[in-house]
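Q: how would this look folded up:
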Amino acid sequence: MKKFTPLLFLLIPPIIWAIAAYWFGINISLGFFGGSLFWSSLVLVELIIIGLVLGCNDINYIPIIVIGVIIVVANIVGLAGGTMLFQANNAYKQLGEVEESSFTDSIVPIDNTQIPTVDEDLALKQAEKKLGEEPGLGSIVDVGDFTLQQVDGELTFVAPLEHSGMWKYFDNKTTPGYITVSATDPDDVQLVQELDGKEIKLRYLETACFGDKLLRYIRNSGYRTTGLTDMSFELDESGRPYWTVTTYENTAFWGLPEANGVLVCDAQTGECELYSIDEAPDWIDKVQPDDFIDDQIDNYGDYVKGFWNSVFGKNGVINKTPGLLTVYNNGECYYYTGMTSVGNDDATTGFMMVNTRTKEAKFFQMAGATEESAQASAEGKIQEKGYNATLPVPINVQGIPTYFMTLKDKSGLIKSYAMVNIENYSIVATGESIDQVQQTYIDAMLANGNEAVIGSDEAYSYSVEGTVTRISANISGGNTVYYMIINDDTTKLYVAASKLSAELPITREGDNVKISYIDDSNGTVNVSKFDNLDFTQEKSEEQQQKDEQSAEEGVSQDDTNKIYEVDPEKAAEEWDSLTDEEKAKLLEGK
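A: Numbers count the residues shown, from 1 in each chain. Here you go, the predicted model:
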């Protein structure tokens, strides 16, 4: 028996390490620091046992020491090799090609009913309130972590019902469903406990125990050496609950992690399936982890000219503003952040959006306010109420880059809404409804002149000529704004600031007018030019020549406001007159 005792000492550490790997879901691959640490620590402990516990007078300790030193050095090299000191150039390139884009072309206007007004804090309050309405349910389950997802075209916060404690797991083994909160309506809260007439029973959860604990279960399902991160609770098209887990690999020693797929695990049955990024189901909104993208944007801004420039010279270095916001645009999910130049934290040089599935990155070069400055501007507008602004969401208001945010009281309830012009955060409006704040915001921009109304990008303006059937003025903030209906067309409400034309204050119902305007999908249009045809002021010879030339070409240009007025019929005639080669050159931008 004494002969086998030394061997028993050597068997104890592997047993302990195996139990730890199972219990904590440790990745045992040497391609990850956690895996290397797992094996290195095991070997070092075994060497110590051999050297100390099993040692005798004639043992040679040199090989043991050499092996131990090699292991320690290998881990140090693996850690150091992935740092920015050696990988700055690769870190800069990791985000990929960043496309410079136009705000107006890329950020589409959205209907007011689809603007997200609910943040995660408010969603949690509403979900907990819903649970409290169900007798006995609130005592056995808690609301899990929320995932913002597009469900049936609607932005929705989704969270599983988690066990409220270990003993609750032993009593129930599963939880009875999940909860959803609309991101656009805080009162739209649903507790989903059935699907297709069958009870929902979530078994594999982050708060489950033993083999049902989510990470532990996935590791034991054949993914012991796979890089796993960012476990999110999401619903498929039918409302069936799944866990989506990003898989990744390190691209530089144990640094620069890169997502390479997504693992989908059924929260009820535990069935797992691994997809590449390109093959991931359409209902999965996020594949790229936010912490990966956050680091990659930082690296893109810091290491444009290498590591040492980021420490000393900082030429060309741009910094990401604090936080990374999830936004939706035209059905696609993006991470959004502002970018500032070094030493100027109050203003942005532009902002960046990164697709949460494909990692396609777009940069919008635009001087403007940071998110924090916009929040301060909104809070200052009604500072006497003491409301707190949520993180601003960038939206397109008739071609104008705009921050939208909700204003909440100390209880976390929405009391007001705010819009702040990104390029000029002194233009700010608040209101008790989204429609009200948008109209107040438009009025504020009109009061600041045409250029504020149409934004910094080129816009296309259309013209209408007819009779004023209704006109009314509204004074807001000391500025007069006129609202008109032309030719009894009640589908369009024309809005014009008094400073647009001296003829506006004397215009009445029945007057014949010509209006140029920026079209908008919601029926409210901003007037960019106004001419009351019943009043004739003599034009200069130069202006007359310009008008004649515009009439011949079918297009007139307002250089001050970057507006291009289009006569569709004449533009079509000119296009049809071109050869195929001339059309191709125009389409290529030559």
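Q: what about the nearest residue to N512 once chain neighbours are set aside, neighbour count?
A: Among residues not flanking N512 along the chain, L533 sits closest, at 4.3 Å (CB to CB, 6 or more residues apart in numbering). Yep, even glycine has a C-beta here, placed from its N, CA and C like the rest. Other residues within reach of L533, judged by other CB atoms under 10 Å, total 13.
Q: The stretch 151-300 of the chain: strands as residue ranges?
A: Ranges of strands within the stretch 151-300 of the chain are 154-163, 178-182, 189-192, 194-195, 198-199, 227-235, 241-252, 255-266, 272-276, based on DSSP state E, counting those that start in this stretch.
Q: give me the low-pLDDT residue ranges for the stretch 401-550 of the chain?
A: Counting by pLDDT under 70, the stretch 401-550 of the chain contains low-confidence residues at 447-461, 476-479, 518-524, 537-550.
Q: ok, now with 90
A: 401, 411-413, 422-427, 431-464, 473-483, 489-503, 515-530, 534-550 (pLDDT under 90).
Q: which residues in it form strands?
A: Residue ranges of the strands in the stretch 401-550 of the chain, as given by DSSP E, counting those that start in this stretch, are 414-421, 428-431, 459-476, 479-486, 493-497, 512-518, 524-532.
Q: got the domain boundaries for the protein?
A: In terms of domains, the chain is parsed into 5-81, 112-199, 211-284, 292-367, 538-590 (source: automatic domain parsing).
Q: Format those domains as JSON lines; extra columns: distance to E432.
A: Converted to JSON lines, those look like this (distance: least, CB to CB, whole Å):
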{"stretch": "domain 5-81", "distance to E432": "49"}
{"stretch": "domain 112-199", "distance to E432": "12"}
{"stretch": "domain 211-284", "distance to E432": "33"}
{"stretch": "domain 292-367", "distance to E432": "24"}
{"stretch": "domain 538-590", "distance to E432": "32"}
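Q: residues near I48, how many?
A: I48 has 13 nearby residues by other CB under 10 Å.
Q: In CSV, could you pull the C-alpha coordinates for the helix or strand hosting it?
A: Per DSSP states H and E: I48 is located in helix 33-48. Provided in CSV are the C-alpha atoms of helix 33-48 (Å, rounded to 0.1, in the frame of the first residue of the first chain):
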residue,chain,number,x,y,z
PHE,A,33,-5.5,32.6,-21.2
GLY,A,34,-8.0,30.8,-18.9
GLY,A,35,-7.1,27.5,-20.5
SER,A,36,-3.4,28.1,-20.3
LEU,A,37,-3.8,29.1,-16.7
PHE,A,38,-5.8,26.0,-16.0
TRP,A,39,-3.1,23.6,-17.4
SER,A,40,-0.1,25.6,-16.2
SER,A,41,-1.3,25.7,-12.6
LEU,A,42,-2.0,22.0,-12.7
VAL,A,43,1.4,21.2,-13.9
LEU,A,44,3.1,23.5,-11.4
VAL,A,45,1.2,21.9,-8.5
GLU,A,46,2.2,18.4,-9.7
LEU,A,47,5.9,19.6,-10.0
ILE,A,48,5.7,20.9,-6.4
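Q: buried stuff in that helix?
A: Using 16 or more other CB atoms under 10 Å as the test for burial, helix 33-48 gives 33, 35-36, 38, 40, 42, 44-47.
Q: same deal with stretch 198-216?
A: For stretch 198-216, by 16+ other CB under 10 Å, it's 200, 202-205, 207-208, 212-216.
Q: Stretch 129-137 too?
A: Result for stretch 129-137 [16+ other CB under 10 Å]: buried residues 130-131, 137.
Q: what's near enough to touch the spatially closest residue to Y92 that is not a sequence neighbour?
A: Spatially, and ignoring its direct neighbours in sequence, Y92 is nearest to Y303 (4.1 Å; CB to CB, 6+ apart). Taking CB atoms under 8 Å, 6 or more residues apart in numbering, we find Y303 in contact with 84, 88-89, 91-92, 309-310.
Q: Let's have the strands of the stretch 151-300 of the chain in JSON lines, adding mean pLDDT and distance to V77.
A: Shown next, in JSON lines, are these (pLDDT from 0 to 100; distance: least, CB to CB, whole Å):
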{"stretch": "strand 154-163", "mean pLDDT": "95", "distance to V77": "41"}
{"stretch": "strand 178-182", "mean pLDDT": "96", "distance to V77": "46"}
{"stretch": "strand 189-192", "mean pLDDT": "95", "distance to V77": "51"}
{"stretch": "strand 194-195", "mean pLDDT": "94", "distance to V77": "51"}
{"stretch": "strand 198-199", "mean pLDDT": "94", "distance to V77": "54"}
{"stretch": "strand 227-235", "mean pLDDT": "96", "distance to V77": "20"}
{"stretch": "strand 241-252", "mean pLDDT": "96", "distance to V77": "12"}
{"stretch": "strand 255-266", "mean pLDDT": "96", "distance to V77": "12"}
{"stretch": "strand 272-276", "mean pLDDT": "96", "distance to V77": "31"}
